[in-house]
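Novice: quick one: sequence plus predicted model below, questions after.
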Amino acid sequence: MGPVAIALTCNLVGAAYAPGTPIPRPDEPTPPPDSAQEFAGTEPATARVVEGCWFSAHKPFVLHTRDRYIHGESQITRCTTPAPVYCHLQSRLQMWVPYTGQWVQKGEWADAGWKPCRPGITLTPSYRCPSHSTGHEFITDSWLTIVTHQAGSASNYVNSPRERFACS
């Protein structure tokens, strides 16, 4: 599945484009392999200036085959010019539980806090498996919230592709 950019509406004064006019989008970067990507930012049809950042969630991984730690990675990959004033990136690992049909958080949220927006802000949530008994699917789940120069805000999330590990 290829990357899909979703822009959230941020209600700011002024329509930039007439109905039927193609809306220009900032160039969308290509996500790294084994990751998914989204855009958190203002909607071109309602904002004076499009502000936002693309961010990715990488497929969970282990550093060694016998390692009991599962890691994820989330990263702000690119921002518009001008970039939003502040970004708040959060990420966690989730495990699929088939008998309940739900994703369950494993480990703690990784939280970058509020920072000036810039590419390269990275988080690496991790979870220590109690044992290697049962195979489960994991994803990296990431959220990005931005604050614009016009005092607007927008949020979006992205889930990485699934990866299976022997972990209970």
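Specialist: Cool, the structure landed.
Novice: for the rest of this, base every contact and every neighbour count on C-alpha atoms.
Specialist: Fine.
Novice: who's the nearest residue to residue 35 once chain neighbours are set aside bridged to?
Specialist: Of all residues not flanking residue 35 in the chain, residue 58 sits nearest, at 4.1 Å (Cα to Cα, 6 or more residues apart in numbering). In this structure, residue 58 bridges to residue 35, residue 73 when assessed by DSSP bridges.
Novice: wait, residue 58 touches residue 77, no?
Specialist: No - contact criterion Cα atoms under 8 Å: residue 58 and residue 77 do not qualify, at 11.7 Å.
Novice: between the two, which has more neighbouring residues?
Specialist: Taking neighbours as other Cα atoms under 10 Å, residue 58 and residue 77 compare with residue 58 leading, 27 against 21.
Novice: can you pull the contacts of that one?
Specialist: By Cα atoms under 8 Å, 6 or more residues apart in numbering, the contact set of residue 58 is 34, 35, 36, 72, 73, 74, 140, 160, 161.
Novice: again, only using 10 Å
Specialist: Contact analysis of residue 58 by Cα atoms under 10 Å, 6 or more residues apart in numbering lists 31-37, 71-75, 124, 139-142, 158-162.
Novice: give the buried subset of those residues as a ChimeraX selection command.
Specialist: Command for ChimeraX, covering only those of the contacts of residue 58 found buried under the criterion 16 or more other Cα atoms under 10 Å:
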select :31,35,36,37,71,72,73,74,75,124,139,140,141,142,158,159,160,161,162
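Novice: out of the contacts of residue 58, which sit inside strands?
Specialist: Using DSSP state E, 35-37, 71-75, 139-142, 158-159 are the members of the contacts of residue 58 that sit in strands.
Novice: pLDDT check: weakest of those residues?
Specialist: The member of those with the lowest pLDDT is residue 35, at 72.
Novice: mind listing the strands for this protein?
Specialist: Counting by DSSP E, the strands of the chain are 35-41, 52-61, 69-79, 86-97, 102-116, 122-123, 126-128, 135-147, 153-159, 163-166.
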